[in-house]
Every structure is written in structure tokens, then in C-alpha cells.
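**Q** below is the sequence, then the predicted model.
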Amino acid sequence: MYQHPYPTVCNDRTNGVVWNSVGMAAVAAPPPPQLATGFPADAQAVAQAVAQAQAAVQAAVQAQAAKLQAHAAAQAAAQAAAPTVTTVPTPTGTRIGNGKKGKKCSESRAEQRKVKNREFAKRSRDRKKLLQESLEAEVRELQEENDRLRGLVRKTIPDKAQSIIG
């Protein structure tokens, strides 16, 4: 019989046997600790972990559902606030371009494109106006800060203020 030079013990609780490599004898393993519920300690810990994971998943699902409802409400509000474009039906077959290579395009499509271009141009003008206003406000703030700092220099070191400020 082979004997391992270093005696080791391997716990195998799946079939309830402890194998001792010194004598290769099988000894019945002690039963796993039982809790008041009758479940082994490991099983109860797993059940607790599963319950906690399920609660976390349920909370995440509820949070995602709330986000989706808020997003849908915001889209509905934006759609209600958006101006509606009405087009008058016109005869189709109008050519756009030089007539030979131009694609056939209905006049209603051309009208829709004009409306989109107008809306885009208005948004561009509005963005430009906001940028201009914010830059002007920043210039005013920096000028006020500059004046304040010049006054501070004049007050604290009046003999050198003229050479510093210029």
C-alpha cells in the first residue's frame, strides 16, 4: 500500500467521507452544523445571499422602470410643446436641379426641407446669441475684477502702484 510522505486530510462533504492519505482509510465525516431551521449553515447562507440578490435586482428593476416612465413623460411633453408642421399636398413629379440629372421630388418634401432649414437656422441664431451674451457677461465680470484689483494695489502700495498698473 502506498503511503504519502506528508500526511494530509481532505474533507469531502459531498459524500460525507474524510480521506486520510496516511493510511488511505475512509472515516465517516462529522455531519455539517445544523441551524434551528434544519438547513445546514451553508445552505442558509446561500438562501440569504439569494434573497438579498433578488431584492437588489428588484430594486434595480423598479429604478429603471421609474427612469423609463420619466423619460416617456418628458418625451410626451416635448412632443406636445413642439410646433406642428402642416403641409399642403402638391402635385408630384417636380424636378429639383438642372432637370436632366435632378431627382424627382415632391414639392411637399421641398417644403418640409425648407421648414427644417428655417428651424435649424433659428436654433443656430439662438445658440449664437446665448454664446455672445455669456461672453459679454464674462468680459464685464473680468473688467470689474480688474478694477477691484487695481484699487487694491493703489490702496496697499500707493508709491509703486503707478509703475505696477501702468
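**A** Ah, there it is.
**Q** past the helix or strand containing Ser108, which element shows up next along the chain?
**A** Element membership for Ser108 (DSSP states H and E) is helix 107-156. Sequence-wise, the next helix or strand downstream of helix 107-156 (DSSP H and E) is helix 158-165.
**Q** who does that next one touch, helix- and strand-wise?
**A** On a contact count with 3 or more CB pairs under 8 Å, 6 or more residues apart in numbering; DSSP states H and E, helix 158-165 meets helix 107-156. For the C-beta atoms, the positions are set from N, CA and C on the backbone; glycine is no exception.
**Q** state the mean pLDDT of the helix it packs on.
**A** Averaging pLDDT along helix 107-156 yields 95.
**Q** just checking, what packs against it?
**A** With contacts taken as 3+ CB pairs under 8 Å, 6+ apart, helix 107-156 sits against helix 158-165.
**Q** run through who's touching the helix it packs on.
**A** With contact meaning CB atoms under 8 Å, 6 or more residues apart in numbering, helix 158-165 is reached by 150, 153-154, 157.
**Q** now, the most widely separated pair of the residues you listed?
**A** Pairwise distances across the contacts of helix 158-165 peak at 11.8 Å for Arg150 and Ile157 (criterion: CB to CB).
**Q** and the helix holding Ser108 with helix 158-165, angle?
**A** Per axes from the mean of the first three to the mean of the last three CA atoms, to 10 degrees, the angle that helix 107-156 makes with helix 158-165 is 150 degrees.
**Q** got the CA positions of stretch 59-70 in CSV?
**A** In CSV, the C-alpha atoms belonging to stretch 59-70 read as follows (Å, rounded to 0.1, in the frame of the first residue of the first chain):
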residue,chain,number,x,y,z
ALA,A,59,-34.9,47.5,-6.6
ALA,A,60,-32.8,48.0,-9.8
VAL,A,61,-35.8,47.0,-12.0
GLN,A,62,-38.0,49.4,-10.1
ALA,A,63,-35.5,52.2,-10.5
GLN,A,64,-35.1,51.5,-14.2
ALA,A,65,-38.9,51.5,-14.6
ALA,A,66,-39.1,54.9,-12.9
LYS,A,67,-36.5,56.2,-15.3
LEU,A,68,-38.3,54.9,-18.3
GLN,A,69,-41.6,56.5,-17.1
ALA,A,70,-39.9,59.8,-16.5
